[in-house]
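> A predicted structure for the sequence below; I have some questions about it.
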Amino acid sequence: MHITEILFWILTALALFSALMVVSSDNPVHSVLWLILVFMAITGHYILMNAQFLAIVNMIVYAGAIMVLFLFVIMFMNLNKDSEPQKSVWLRLAAVVSGGSLLLILVAALKDNGGYINSMKGEGSIGLIKNLGNTLFTEYVVPFEISSILFLSAMVGAVVLGKKESSTPAA
Amino acid sequence: MEMLAIDLSLGLEKLLLIGGIISFSLLVAMYTTYGERKIAAWMQDRRGPNRAGPFGLLQPAADGLKLFFKEEIIPLTSNRMLFVLGPALAMITAMLTSAVIPWGPTIEVFGRQVSLQIADVNIGILYIFGVVSMGVYGIMIGGWASNNKFSLMAAVRGASQIISYELAMGLSLIALLMLTGTLSLKSIVAQQMTGGWNIIYQPLGFLIFLICVFAECNRTPFDLPEAENELNFGYHQEYSSMKLGLYLFAEYVNMFISSAVVATLFFGGYDIPFVDEASLAANIGVNATAALGFAALFSKILFFLFLFIWVRWTIPRFRYDQLMDLGWKKLIPLALANMLITAVVVLWLNK
Amino acid sequence: MATLTNRAKVLEQKPMSFMERLYLPAILKGMGITLKHMFQKKATIHYPEEKRPFSPVFRGLHVLNRDEEGRENCTACGLCAVACPAEAITMEAAERLPNEEHLYREEKYAAKYEINMLRCIFCGLCEEACPKDAIYLSETFAPSNFTRKGFIYSKDELLIPNPVTNKESFEAAKGQREQQLKNK
């Protein structure tokens, strides 16, 4: 077995196990920490695919920033088993159905694309920062800019929401 | 399996390098604690530790031994697993950054070209950011697992502080990256060897970066997570013995590595000032030049370590709102302006 | 509002100028000050190796004196105990036996002499009260101890070493103080 293959299987097992633990652990803080481990494993997968830039960005943005904010909020809320609200049976059923159908779609989508996945496993260089930058700013420049406007509007919205309304109107 | 066989000598070389760098940074961190106490004493007209060994040079060893022999207390209501994980994570992330720093030019050992850098990844700076953003988990997990309100408060403070200053840090570096056009630290050093140090081109960027480095290392004036007088030492309040030692030690390792990063990015890394390395290598040999280059880098690092300590014993701690004010309302706009100006100038010169 | 005195100063709070709001000049100035202090004379001395000179009026631990032949000066008259404002001194007198002339100078001596160092305020009134130059305050500090009992100094702890048999430690215990007082 090739060393990348060994690493691949280790990372896969880690990712799947941690993902299961995210769902099944009682303590929400533990769930977040397992989720961080999932992101770490995925970062490892990116590196195996020679997509170093994506790997690091995944680590900085998801594991380093978003998960910190998750943890931040959950630590403050002091959640435990007693305070967990009991959902009704129908709600649970609906959750199972919707989750199951998402899984079905994912499996269906990925089943036909076997060839594509295999091509990604090789020594591709699309994930390297130079190629990625070139592609983003030539081929996909319009969607890229539009998404940046989306982020900007989200940011402005957050500022507007967060700004306190002055109690006395300006005279 | 054949890949393993080919890389055996390379692996051995890297293993030696990793071991060397880790033990070296631990040693430097040890003596930074000594330097901290000594310099603090001098600045306050005292003498500092001078009993253990000549000039008190064995003091760090005595401190370390003391920490090891102390009773290990894990609070009953704490989360055992995470309580132990916290300091370990803090130390690991502090160490990980050293992997991409070029400690010197390539040397020759038994006819082999050995690079004094553990991994020359082409996204070196981003790697540092990634590891630094992981560093906050050491504080957060430790603070939360202690099951203590002060610790939790400190953990939350630490997390928000590090995230806020990471933004300004990244933005200040983007301007630098526009000039260098590469993310690899080795190429950045190589460029500075010929084209002059980056501090000349990016003084404002350097200032912002330096301030953010202080904040990322939780050093005064940004040491709010461990504020002694308000939070009782904050996130490591419940820790004892070597677990506390690891937290304190991680801070010094962080300082050392951050100094190395600042020296590499803005002060030419292992570049010896006013000397042409190529002709020097022709005269006195490659390895001697590498040793001199490492000495140059190390003296730059020592200067920044001194700066860390110097600032700590000069400036009082920020208030929390002042900290956020500085980060979001001053440093980020400044960094953005710096980035814009740099972009305009780069475009102008290219035309 | 009318002021009671004319000493009140009106504090002017001007908005900070741009240079002041930068803070960096002020920070650099502060760093200059700390750097200057690094090279200044240290206030601390290397204590056990290096000692500060005692002032001539320094009052340390008590010593029960002997004369040149090594005889105890104290006659147990009790004047020191009366003079003591803290009531730290207790003593019991005894009569000298015929064969003890080499031990005690006068025909009465203190069989028991105790000073409670926790009560003592080191005022030196006992020294002034003593007509026989038997007690005086030396240049030693009151050392630390683990128990309260340890601070009640008995006679053999207070007695100065014999000048005949142990001249050096006698001189050391006596210290510079008497010499300095004489010179004055």
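On my side now, so go ahead. Numbering: from 1, shown residues only, chains lettered A, B, ... in the order given.
> which residues touch residue C:129?
Residues in contact with residue C:129 (Cβ atoms under 8 Å, 6 or more residues apart in numbering or on different chains) are C:79, C:80, C:82, C:83. From N, CA and C alone the C-beta is placed, and that goes for glycine too.
> Switch those over to CSV; also include neighbour count and distance to chain A.
Putting the contacts of residue C:129 into CSV (neighbours: other Cβ atoms under 10 Å in any protein chain shown; distance: Cβ to the nearest Cβ, whole Å) gives the following:
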residue, neighbour count, distance to chain A
C:79, 19, 73
C:80, 24, 69
C:82, 12, 70
C:83, 16, 68
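> Which residue comes closest to the residue most central in space within chain B once chain neighbours are left out?
In chain B, the residue lying closest to the centroid (Cα atoms, centre = their mean) is residue B:258, at 2.2 Å. Using Cβ to Cβ, 6 or more residues apart in numbering or on different chains and skipping residues adjacent in sequence, the residue nearest residue B:258 is residue B:213, 4.7 Å away.
> Tell me where the longest helix sits in chain C.
Ordering each helix of chain C by length in residues (DSSP state H) puts helix C:24-38 first.
> what's downstream of that helix, the next helix or strand?
Proceeding N to C from helix C:24-38, the next assigned helix or strand is strand C:62-64, under DSSP states H and E.
> Please identify the buried residues of that next one?
For strand C:62-64, burial by neighbour count (16 or more other Cβ atoms under 10 Å in any protein chain shown) applies to C:62, C:63, C:64.
> Give me the distance from whatever helix or strand comes next after that strand to the chain's centre.
Per DSSP H and E, the first helix or strand lying C-terminal to strand C:62-64 is helix C:79-83. Computed by Cα atoms, centre = their mean, to the nearest Å, the chain-centroid distance of helix C:79-83 equals 19 Å.
> likewise stretch B:332-341?
The chain centre lies 24 Å from the centre of stretch B:332-341; the measure is Cα atoms, centre = their mean.
> same thing with stretch A:97-105?
Between the centre of stretch A:97-105 and the centre of its chain there are 18 Å (Cα atoms, centre = their mean).
> Could I get the CA-only coordinates of that stretch as CSV?
Extracted C-alpha coordinates of stretch A:97-105, given in CSV (Å, rounded to 0.1, in the frame of the first residue of the first chain):
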residue,chain,number,x,y,z
VAL,A,97,-37.1,11.9,6.6
SER,A,98,-35.4,15.1,5.5
GLY,A,99,-32.0,13.9,6.6
GLY,A,100,-32.5,10.6,4.9
SER,A,101,-33.5,12.2,1.6
LEU,A,102,-30.4,14.4,1.7
LEU,A,103,-28.3,11.3,2.2
LEU,A,104,-30.1,9.7,-0.7
ILE,A,105,-29.4,12.7,-3.0
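> now stretch B:189-200: mean pLDDT?
Taken as a whole, stretch B:189-200 has an average pLDDT of 81.
> and if you look at stretch C:85-104?
Stretch C:85-104 comes out at a mean pLDDT of 87.
> Can you give me the buried ones in that stretch?
Buried, per 16+ other Cβ under 10 Å, within stretch C:85-104: C:88, C:89, C:91, C:96, C:104.
> can you tell me which of those residues lies nearest to chain B?
Proximity of those to chain B (Cβ to the nearest Cβ) peaks at residue C:88, which lies at 35.4 Å.
> what's near enough to touch the closest residue in space to the closest one that isn't next to it in sequence?
Distances taken as Cβ to Cβ, 6+ apart place residue C:119 nearest to residue C:88, at 3.9 Å, with adjacent residues excluded. With contact taken as Cβ under 8 Å, 6+ apart, residue C:119 is in contact with C:86, C:87, C:88.
> Could you dump these into a markdown table and include secondary structure?
Formatted as a markdown table, these follow (DSSP: H, G, I helix; E, B strand; the rest coil):
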| residue | secondary structure |
| --- | --- |
| C:86 | coil |
| C:87 | coil |
| C:88 | coil |
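> quick check, distance from the one helix or strand residue A:57 maps to to the centre of its chain.
Per DSSP H and E: residue A:57 is located in helix A:52-57. Put simply, helix A:52-57 sits 13 Å off its chain's centre (Cα atoms, centre = their mean).
> other SSEs contacting it?
helix A:28-48, helix A:129-138, helix B:124-145 (3 or more Cβ pairs under 8 Å, 6 or more residues apart in numbering or on different chains; DSSP states H and E).
> Can you get me a residue count around the residue in chain A that chain B sits nearest to?
For chain A and chain B, the shortest gap (Cβ to the nearest Cβ) falls at residue A:64, measuring 2.7 Å. Number of residues near residue A:64 (other Cβ atoms under 10 Å in any protein chain shown) recorded here: 26.
> residue contacts, the residue in the stretch 251-351 of chain B that chain C sits nearest to?
Closest residue of the stretch 251-351 of chain B to chain C, Cβ to the nearest Cβ: residue B:314 (4.6 Å). Residue B:314 sits next to B:43, C:27, C:30, C:31, C:33, C:34 when contact means Cβ under 8 Å, 6+ apart.
> Dump those residues into CSV; add pLDDT and neighbour count as well.
Formatted as CSV, the contacts of residue B:314 follow (pLDDT from 0 to 100; neighbours: other Cβ atoms under 10 Å in any protein chain shown):
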residue, pLDDT, neighbour count
B:43, 88, 22
C:27, 86, 14
C:30, 88, 15
C:31, 88, 17
C:33, 89, 11
C:34, 88, 19
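> Can you tell me which residue sits nearest the middle of chain C?
Taking Cα atoms, centre = their mean, the centroid of chain C lies closest to residue C:60, which sits 2.8 Å from it.
> now swap in chain A and tell me
Nearest to the geometric centre of chain A sits residue A:62, at 6.1 Å (Cα atoms, centre = their mean).
> Now do stretch C:108-119: distance to the chain's middle.
The answer for stretch C:108-119 is 18 Å, by Cα atoms, centre = their mean.
> what does stretch B:54-69 give?
For stretch B:54-69, the distance from its own C-alpha centre to the chain's C-alpha centre is 23 Å (Cα atoms, centre = their mean).
> buried residues in it?
For stretch B:54-69, a neighbour-count test (16+ other Cβ under 10 Å) marks B:56, B:59, B:60, B:63, B:64, B:67 as buried.
> Check whether residue C:111 really touches residue C:92, as I assumed.
Yes: assessed by Cβ atoms under 8 Å, residue C:111 is found in contact with residue C:92 at 4.9 Å.
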